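A.B. asks: got a sequence here, can you build the structure:
(chains A and B)
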There are 2 protein chains.
Amino acid sequence: MELQSPEATRIMVAVNESSMKGYPHPSISSRTAFEWTVSKLVRSNVAEFRLLFLHVQVPDEDAFEDMDSIYASPEDFRHMKERERIRGLHLLEYFVGRSHQYGIPCEAWIKKGDPKEIICSEVKRVQPDLLVVGSRGLGPFQRVFVGTVSEFCAKHVECPVITIKRKPDETPADPVDD
Amino acid sequence: MELQSPEATRIMVAVNESSMKGYPHPSISSRTAFEWTVSKLVRSNVAEFRLLFLHVQVPDEDAFEDMDSIYASPEDFRHMKERERIRGLHLLEYFVGRSHQYGIPCEAWIKKGDPKEIICSEVKRVQPDLLVVGSRGLGPFQRVFVGTVSEFCAKHVECPVITIKRKPDETPADPVDD
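C.D. replies: Numbers count the residues shown, from 1 in each chain, chains lettered A, B, ... in the order given. Purely as a prediction, here's the structure:
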C-alpha cells in the first residue's frame, strides 16, 4: 500500500525567546517543542518533513523591559527597533541551524503582533499540516486569568495542534529565566 | 547527527464506533484520526512507529440502544455482553487490519468505562509518546454543556495530544450515522 503523500508533511513550530535578559536564547519550551518534534515525529525520515519556524515579536516588548534606557531622539527608537530585529534573527538562526544539523529542510520568518492572533492568521495563510507550540505549563490559577497561547491556538487554528508541555524538572528556578 | 531514538515512537489512537446501528463501523472521526496519523506522521517510516489502539466501551451502551430487546433471563444479559464484546473486537480488527496493510506494527485492546477517564488512566499506564483523538467538532453550544473527550484528554493527559477534527464535508447528513 502506498504510504507517501506526494508532498512533505509541513510542521509549523512557533518559537519564542527566553525571557532572560541579554543575548537571545530560545525559551526552554520552544526548544523542548522543537526537539520533541524531531526526535518523535521526524526521526530519521528527514526528507518527508519540512519545518516552518514562526517567531512572533510583541511590539515594544523590549522597550518595556529596557527600563534603564533613555529615549531622547527618534534615532533612539530606530536603534531599539534594530536591536529587536537582530534578536529575532538570532533566535531563528538557532532553529534553522539545528534543523540544518539534522538535515531537515526548513523555513523561518518573523511577524509582529499578538502571538496568539498572528499564529492563527499565519496558519490560515501557510496551511501547515500540523502546528507545534510549546507551553510553559502555567498552574491552574495563572491559567484562569491569563490563558495561554497554546490553548487559544488549539481552539482556533484550523489544522491539528500539538502542545508540548515543558517537563516539570525543566522549570527554571527563577521564572525570569523561562 | 543521530536522529533515531532507540525505540519506536509509540502513538496511542483512541478509536470508537460509529453510532450507526448494525454492524460495527469505526466512527468517521476515528478513521480520520487514524488516516491522518499514518499519512502525515508515520508516512513511509513504518519501522520507527508503533500504533496502540485503545477502544473504550461504555458499559450497557448497547443495552440502552437495543430498545426492542426483552430481557427475561440472566442468559439474555450474557448474550448482550457477548454481543458487545464481539462489536468491540470487530472494531479493533478494522484498525489492526489497516495497520497491517500499511506495514505498521500495532497493538489493540478494549477497556470498559468512561472514555475520558479510561483514556487518561491508560496513557498513564502505557506511557505513549503521543495520544491522537478524533473529534466530531461539536458546535460551541454543545461544547459548553457536553464538553468533549478530546478537550478533557488534552488538559489531563501527561503526554502530548493531537486532536484531529473531522472535516466539515465529512459531517454525516444524519447525526445518527456519526
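
A.B. asks: quick one: the closest residue to chain B within chain A and residue A:104, what's the gap?
C.D. replies: Nearest to chain B, among the residues of chain A, is residue A:45, at 4.0 Å (CB to the nearest CB). To be clear about C-beta, it is placed using only N, CA and C from the backbone, and glycine gets the same treatment. Separation of residue A:45 from residue A:104 (CB to CB, to the nearest Å) stands at 9 Å.

A.B. asks: could you point out the helix or strand that follows the longest helix belonging to chain A?
C.D. replies: Criterion DSSP state H: the longest helix present in chain A is helix A:74-102. The first helix or strand that comes after helix A:74-102 along the chain, using DSSP states H and E, is strand A:106-112.

A.B. asks: close to chain B, is that next one?
C.D. replies: No: applying CB under 8 Å from any CB of the partner chain, one finds strand A:106-112 separated from chain B by no less than 14.3 Å.

A.B. asks: what strands line up against that strand, and which way round?
C.D. replies: Strand A:106-112 has its sheet partners listed here by DSSP bridges as strand A:49-57 (parallel).

A.B. asks: just give the closest residue to residue A:49, not the sequence neighbours.
C.D. replies: Nearest residue to residue A:49, sequence neighbours excluded (CB to CB, 6 or more residues apart in numbering or on different chains): residue A:42, at 4.6 Å.

A.B. asks: can you list the residues of chain A near chain B?
C.D. replies: Going by CB under 8 Å from any CB, the residues of chain A near chain B are A:1, A:3-5, A:9, A:36, A:38-46, A:48, A:101-103, A:129-130, A:154, A:160-165.

A.B. asks: quick one: buried ones out of those residues?
C.D. replies: Buried members of those, counted by 16 or more other CB atoms under 10 Å in any protein chain shown: A:3, A:9, A:36, A:38-43, A:45-46, A:48, A:102, A:129-130, A:154, A:160-165.

A.B. asks: now, these that are in helices?
C.D. replies: Using DSSP H, those in helices are A:36, A:102, A:154.

A.B. asks: surely the second one is in contact with residue A:37?
C.D. replies: Spelled out, that is residue A:102. No: look at residue A:102 against residue A:37 with CB atoms under 8 Å: they stay out of range, at 10.4 Å.

A.B. asks: which residues of chain A score low on pLDDT?
C.D. replies: Within chain A, the segments meeting pLDDT under 70 span A:1-5, A:20-24, A:60-69, A:137-147, A:167-178.

A.B. asks: mind doing that once more with 80?
C.D. replies: In the predicted model of chain A, residues A:1-6, A:19-24, A:59-71, A:136-148, A:166-178 satisfy pLDDT under 80.

A.B. asks: which non-adjacent residue is nearest the spatially most central residue of it?
C.D. replies: Centroid check for chain A by CA atoms, centre = their mean gives residue A:15 as the closest residue, at 1.1 Å. The shortest distance from residue A:15 to any non-neighbouring residue, by CB to CB, 6+ apart, is to residue A:30 (4.2 Å).

A.B. asks: next up, the contacts around the one you found.
C.D. replies: A:13, A:14, A:15, A:16, A:17, A:95, A:134 (CB atoms under 8 Å, 6 or more residues apart in numbering or on different chains).

A.B. asks: only the buried residues of the host helix or strand of residue A:117, if you could.
C.D. replies: Here residue A:117, judged by DSSP H and E, is contained in helix A:115-126. Neighbour counts over helix A:115-126 (16+ other CB under 10 Å) mark A:115, A:116, A:118, A:119, A:120, A:122, A:123 as buried.

A.B. asks: distance check, the residue nearest to residue A:49 against residue A:132.
C.D. replies: From residue A:42 to residue A:132 the distance is 11 Å (CB to CB).

A.B. asks: shared neighbours of the two, anything?
C.D. replies: residue A:11.

A.B. asks: list the buried residues in the longest helix of chain A.
C.D. replies: Taking 16+ other CB under 10 Å as the criterion, helix A:74-102 shows A:80, A:84, A:87, A:88, A:91, A:92, A:94, A:95, A:96, A:98, A:99, A:102 as buried.

A.B. asks: output the contacting helices and strands for it.
C.D. replies: strand A:9-15, helix A:28-36, strand A:49-57, helix A:61-65, strand A:106-112 (3 or more CB pairs under 8 Å, 6 or more residues apart in numbering or on different chains; DSSP states H and E).

A.B. asks: swap the cut-off to 6 Å and go again
C.D. replies: strand A:49-57, strand A:106-112 (3 or more CB pairs under 6 Å, 6 or more residues apart in numbering or on different chains; DSSP states H and E).
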